[in-house]
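Trainee: sequence and computational prediction follow.
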Amino acid sequence: MSKPAEKPEVVQLPAEAPVASAVNTRRVAAQRVREARDRLTSTSGTRPAFDTELLRQYAQTRVSASFVVMLLVVATGVLFGLWKYAVPAAVWTVGMLCIHAAIIRNCKRFLSEPPTLAATRKWQTRFVLLDLLYGLSWTAILIHPAGLDVVSNTMMMFLMLLVIAVSSMLAATLPIAAVAATAPVTAAIALNFVMGGTFDNYALALLAVAAECYFALLAHQLHSTTLETIEARAEKDALIGELEQAKAISDEARHRAESANVAKSRFLAQMSHELRTPLNAILGFSEVMKSEIFGAHAVPVYKEYSADIHNSGVHLLNLINEILDLSRIEAGRYELNEEAVSLVHVVADCHHLLKLRATSRGITIHEVFEHGMPRIWGDERATRQVVLNLISNSIKFTPPGGDIWLKVGWTASGGQYLSVKDTGSGIAEDEIPIVLASFGQGSNSIKSAEQGAGLGLPIAKSLIDMHGGTFTLKSKLRIGTEVIVTFPPERVMSALAPMAEEAPPLQPDPIVTAAVEDKRRPRHKPIMSAGTGL
């Protein structure tokens, strides 16, 4: 009597070892080597491309803030002209505007030229010298003999802080230029206060030096932030470039794989016909010779040779059929001929076909089937091929005196499952992905006398995947192997409830039909009554 089937325990197959770590390590190492080489060829310790980008941002900032600097120069010249001397202030204003115009003109020329390493170094030196001249020009108007005039000291301190702040912000992406533009002003103002000889002047000198340090630190932080932003953008651009290159390589590899797959399919389709034609003759004539239809052999050994030839031809034909099935599945040309299939009946028929082979090896096959299971919607030939492959593998790798259990039952989600479990030699855990791959064989199968092509399990797994099911392989060395195949609940053909609405009659009612036809028939007046109003 059949026992109720146990619920299958689905085990996740071991995943392949990650290979992306080695690629990431090589990419990081290459990036470090490239950065070290760039730092050796750079004057600022960063990559030359970053130096050029920082210098371009310096030039763009200078150009965009030209009106603000011009307004500051004019306002300072007017203030000093009204407060002290008009003619020297006007001369200073004109000179400062000329220096400012030279800086803007050089910035625009730099932005219009193509960036190169030599040009970047040349423009850095030029901009530093121009900023130094710019700072010395501010020193010329801010210095005057320090005395006890609090208003003069306060105004001079205020202008100094304003000039240092503006220059530090404008030249933040080029720290050397920022120092060149602000250090002369700070040094001159501090020295001027120190020469005053009073405690207040000493305090103002110290305040000027502290302000210079503060704005220098602020400019350095802005430079670091800008550099980090440029580095992040460069890494993003490099990553996008790598992704595009990888995508191009992947597309090319995919096109090559598709072309190779098409060529393989054509080759197998052509060679299958060329191989089957002589193979059918070999099978036919060897069958005639083995059966001694036209008379007994003069040498009895010839009969054994004929049987060996026939068996080898059958094995070769099965191998050709498996290769063709696998090629059609991989090419997506395998079509399922779906119909209502009883999984229990298919497993029972396959057991009956292979029972004699199992008995000859001393292997006992047990059946554990659920009762009253409905049919499933699938391909009977594909399902039968899956069951035959699984039972054949179990018989092949189970030693004499072993046991095989065939189970068919319900899954927890409402589908149906098939389980084939044996007490064979088992498969190592690291070899499970190998035996599930095409032409893959484990160490036990290689040592076994009955070697196969390694196509049974891959074909079975692919056929189950086409049905939307799952294929799970569990095995332990020297304990046994269990393969669990499940079909989804969508393929179970449960009994449908009767329809609530009454079906229409097969033949219409003759009385109703006559009345409908009478209404549809046109009524014509007699010709003789035409024009009489009747």
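Mentor: Alright, I've got the coordinates.
Trainee: what about L317, how many neighbours?
Mentor: 16 (other Cβ atoms under 10 Å). Yep, even glycine has a C-beta here, placed from its N, CA and C like the rest.
Trainee: any idea how far the closest residue to A59 other than its chain neighbours is from E53?
Mentor: Of all residues not flanking A59 in the chain, C107 sits nearest, at 3.8 Å (Cβ to Cβ, 6 or more residues apart in numbering). Distance of C107 to E53, given as Cβ to Cβ, to the nearest Å: 15 Å.
Trainee: same thing with H366?
Mentor: For H366, the distance to E53 - Cβ to Cβ - is 76 Å.
Trainee: which one's more surrounded, those two?
Mentor: Between H366 and E53, counting by other Cβ under 10 Å, E53 is the more crowded of the two (22 against 13).
Trainee: from the contact counts, what lies against the host helix or strand of the more buried one?
Mentor: Assessed by DSSP states H and E, E53 sits inside helix 48-64. Counting contacts by 3 or more Cβ pairs under 8 Å, 6 or more residues apart in numbering; DSSP states H and E, helix 48-64 packs against helix 86-112, helix 117-142, helix 150-170, helix 199-291.
Trainee: next, format the ones you listed as CSV and append distance to L79, mean neighbour count and mean pLDDT.
Mentor: Below are the helices and strands packed on helix 48-64 laid out as CSV (distance: least, Cβ to Cβ, whole Å; neighbours: other Cβ atoms under 10 Å; pLDDT from 0 to 100):
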stretch, distance to L79, mean neighbour count, mean pLDDT
helix 86-112, 8, 16, 90
helix 117-142, 10, 18, 86
helix 150-170, 8, 18, 80
helix 199-291, 20, 13, 83
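Trainee: out of those, flag the one nearest V408.
Mentor: helix 199-291 (33.9 Å; Cβ to Cβ).
Trainee: next, format the helices and strands packed on helix 48-64 as CSV and append distance to V346.
Mentor: Below are the helices and strands packed on helix 48-64 laid out as CSV (distance: least, Cβ to Cβ, whole Å):
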stretch, distance to V346
helix 86-112, 78
helix 117-142, 75
helix 150-170, 82
helix 199-291, 26
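Trainee: tell me which of those approaches L353 most closely.
Mentor: Judging the helices and strands packed on helix 48-64 by Cβ to Cβ, what sits closest to L353 is helix 199-291, at 19.5 Å.
Trainee: could you check the angle that closest one makes with helix 150-170?
Mentor: Orientation check (axes from the mean of the first three to the mean of the last three Cα atoms, to 10 degrees): helix 199-291 against helix 150-170 gives 10 degrees.
Trainee: helix 199-291: what's the following helix or strand?
Mentor: Criterion used, DSSP H and E; the element after helix 199-291 is helix 301-330.
Trainee: so L142 makes contact with V185?
Mentor: Yes. Between L142 and V185 there is a contact under Cβ atoms under 8 Å: 6.4 Å.
Trainee: name the helix or strand for I365, please.
Mentor: strand 364-369.
Trainee: what about the helices in the stretch 401-534 of the chain?
Mentor: 432-435, 443-447, 456-466, 510-520 (DSSP state H, counting those that start in this stretch).
Trainee: counting contacts, what elements does the first one pack onto?
Mentor: Same thing as helix 432-435. Going by 3+ Cβ pairs under 8 Å, 6+ apart, helix 432-435 lies up against strand 470-476.
Trainee: so which elements touch the strand it packs on?
Mentor: helix 432-435, helix 456-466, strand 480-487.
Trainee: could you rerun that using 10 Å?
Mentor: helix 380-397, strand 416-422, helix 432-435, helix 456-466, strand 480-487 (3 or more Cβ pairs under 10 Å, 6 or more residues apart in numbering; DSSP states H and E).
Trainee: D325: which of those is closest?
Mentor: helix 456-466 (5.7 Å).
Trainee: just the CA trace of that closest one, in CSV.
Mentor: Taking Å, rounded to 0.1, in the frame of the first residue of the first chain, the C-alpha atoms of helix 456-466 are listed here in CSV:
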residue,chain,number,x,y,z
GLY,A,456,20.8,13.8,-18.1
LEU,A,457,20.6,16.2,-15.2
PRO,A,458,21.1,19.5,-17.2
ILE,A,459,18.3,18.4,-19.6
ALA,A,460,16.0,17.4,-16.8
LYS,A,461,16.6,20.7,-15.0
SER,A,462,16.0,22.8,-18.2
LEU,A,463,12.8,20.9,-18.9
ILE,A,464,11.5,21.6,-15.4
ASP,A,465,12.5,25.2,-15.7
MET,A,466,10.4,25.5,-18.9
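Trainee: buried stuff in that helix?
Mentor: For helix 456-466, a neighbour-count test (16 or more other Cβ atoms under 10 Å) marks 456-464, 466 as buried.
Trainee: could I get those as JSON lines with pLDDT and distance to F397?
Mentor: Formatted as JSON lines, the buried residues of helix 456-466 follow (pLDDT from 0 to 100; distance: Cβ to Cβ, whole Å):
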{"residue": "G456", "pLDDT": "75", "distance to F397": "11"}
{"residue": "L457", "pLDDT": "84", "distance to F397": "12"}
{"residue": "P458", "pLDDT": "84", "distance to F397": "17"}
{"residue": "I459", "pLDDT": "83", "distance to F397": "17"}
{"residue": "A460", "pLDDT": "86", "distance to F397": "15"}
{"residue": "K461", "pLDDT": "87", "distance to F397": "17"}
{"residue": "S462", "pLDDT": "86", "distance to F397": "21"}
{"residue": "L463", "pLDDT": "88", "distance to F397": "21"}
{"residue": "I464", "pLDDT": "90", "distance to F397": "20"}
{"residue": "M466", "pLDDT": "89", "distance to F397": "26"}
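Trainee: quick check: the farthest pair among those?
Mentor: Longest span within those, Cβ to Cβ: G456 and M466, 16.2 Å.
Trainee: how about low-confidence regions in the stretch 401-534 of the chain?
Mentor: Applying pLDDT under 70 to the stretch 401-534 of the chain flags the ranges 438-454, 495-534.
Trainee: picking up where we left off before, so which of the helices and strands packed on strand 470-476 is nearest N201?
Mentor: Going by Cβ to Cβ, the one of the helices and strands packed on strand 470-476 nearest N201 is helix 432-435, 83.6 Å.
Trainee: that closest one: which residues count as buried?
Mentor: Those would be 432, 435, for helix 432-435 by 16+ other Cβ under 10 Å.
Trainee: please apply the same query to stretch 376-395.
Mentor: So for stretch 376-395, counting by 16+ other Cβ under 10 Å, buried means 376, 378-380, 382-395.
Trainee: from the chain's centroid, how far away is that stretch?
Mentor: 35 Å (Cα atoms, centre = their mean, to the nearest Å).
Trainee: do you know which of the helices and strands packed on helix 48-64 lies nearest P300?
Mentor: Among these, helix 199-291 sits nearest to P300 (Cβ to Cβ), with 12.2 Å.
Trainee: just checking, what packs against that closest one?
Mentor: helix 20-40, helix 48-64, helix 150-170, helix 175-194, helix 301-330.
Trainee: which helices and strands sit right next to the third one?
Mentor: The reference is to helix 150-170. helix 48-64, helix 66-83, helix 117-142, helix 175-194, helix 199-291.
Trainee: now it - C-alpha only, PDB.
Mentor: C-alpha atoms of helix 150-170 as PDB (Å, rounded to 0.1, in the frame of the first residue of the first chain):
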ATOM      1  CA  VAL A 150      41.600 105.800  15.800                       C
ATOM      2  CA  VAL A 151      39.500 106.500  12.800                       C
ATOM      3  CA  SER A 152      42.500 106.000  10.400                       C
ATOM      4  CA  ASN A 153      43.500 102.800  12.100                       C
ATOM      5  CA  THR A 154      40.000 101.500  12.100                       C
ATOM      6  CA  MET A 155      39.400 102.300   8.400                       C
ATOM      7  CA  MET A 156      42.800 100.800   7.400                       C
ATOM      8  CA  MET A 157      42.000  97.600   9.400                       C
ATOM      9  CA  PHE A 158      38.600  97.300   7.800                       C
ATOM     10  CA  LEU A 159      39.900  97.700   4.300                       C
ATOM     11  CA  MET A 160      42.700  95.200   5.000                       C
ATOM     12  CA  LEU A 161      40.200  92.600   6.200                       C
ATOM     13  CA  LEU A 162      38.000  93.300   3.200                       C
ATOM     14  CA  VAL A 163      40.800  92.900   0.700                       C
ATOM     15  CA  ILE A 164      42.100  89.800   2.400                       C
ATOM     16  CA  ALA A 165      38.700  88.200   2.400                       C
ATOM     17  CA  VAL A 166      37.900  89.000  -1.200                       C
ATOM     18  CA  SER A 167      41.400  87.900  -2.400                       C
ATOM     19  CA  SER A 168      41.200  84.600  -0.400                       C
ATOM     20  CA  MET A 169      37.800  83.700  -1.800                       C
ATOM     21  CA  LEU A 170      38.700  84.500  -5.400                       C
END
